[in-house]
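Asks: structure of the sequence below:
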Amino acid sequence: MNKRCVVWLLLLPLGLMAQQRDPFSPLPLSGCVSAVESPASWQLKGTIGLGALRHAWVITPSGQWLRLAPHQTLLAGRWQVDKVQAKRLTLKREEVEVDAECPTTENTVVLVLGTPHKEEKK
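Replies: Residues are numbered from 1 along each chain as shown. Model prediction:
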């Protein structure tokens, strides 16, 4: 067997492992924040404490539980816990310059205890 055949046999698994991509779907914009990086689909499961010492418990769509405190930053510093109230959690997106081609996302997400959906403010 010659060296060229060996090289092709070694590279074949790499080509087969490459992820398939829909050629008609647009490429993701590198500077844009995706919907996955937003807390809009999180669910508020409870709050504990009083005043500035109040914490919130949320669950992400992937099933991860998070304990959130006021002024805590989330999602690589893009979001911050604004207010934790008895039955309400307010999260604000940090002011970041976005490209004009990026889809708009909400600046504030309000999660309410006992409701599967969130309230959104732009």
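Asks: what about this protein, any weak spots by pLDDT?
Replies: 1, 5, 8-23, 25-36, 96-105, 115-122 (pLDDT under 70).
Asks: which parts of it are strands?
Replies: Assigned strands in the chain, in chain order: 43-48, 55-59, 65-68, 73-74, 79-85, 88-93, 108-112, 119-121 (criterion: DSSP state E).
Asks: those strands: which one's closest to Asn2?
Replies: When the strands of the chain are compared by CB to CB, strand 73-74 sits nearest Asn2, at 55.7 Å. Yep, even glycine has a C-beta here, placed from its N, CA and C like the rest.
Asks: can you put the strands of the chain in TSV and add distance to Glu37 and mean neighbour count?
Replies: Listed next are the strands of the chain as TSV, based on distance: least, CB to CB, whole Å; neighbours: other CB atoms under 10 Å:
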stretch	distance to Glu37	mean neighbour count
strand 43-48	17	16
strand 55-59	15	19
strand 65-68	14	14
strand 73-74	10	14
strand 79-85	8	18
strand 88-93	10	20
strand 108-112	12	19
strand 119-121	15	12
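Asks: reformat those strands as JSON lines; add distance to Val6.
Replies: Formatted as JSON lines, the strands of the chain follow (distance: least, CB to CB, whole Å):
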{"stretch": "strand 43-48", "distance to Val6": "54"}
{"stretch": "strand 55-59", "distance to Val6": "51"}
{"stretch": "strand 65-68", "distance to Val6": "50"}
{"stretch": "strand 73-74", "distance to Val6": "49"}
{"stretch": "strand 79-85", "distance to Val6": "51"}
{"stretch": "strand 88-93", "distance to Val6": "53"}
{"stretch": "strand 108-112", "distance to Val6": "55"}
{"stretch": "strand 119-121", "distance to Val6": "57"}
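Asks: closest to Arg4 out of the ones you listed?
Replies: Nearest to Arg4, of all the strands of the chain, is strand 73-74, at 51.6 Å by CB to CB.
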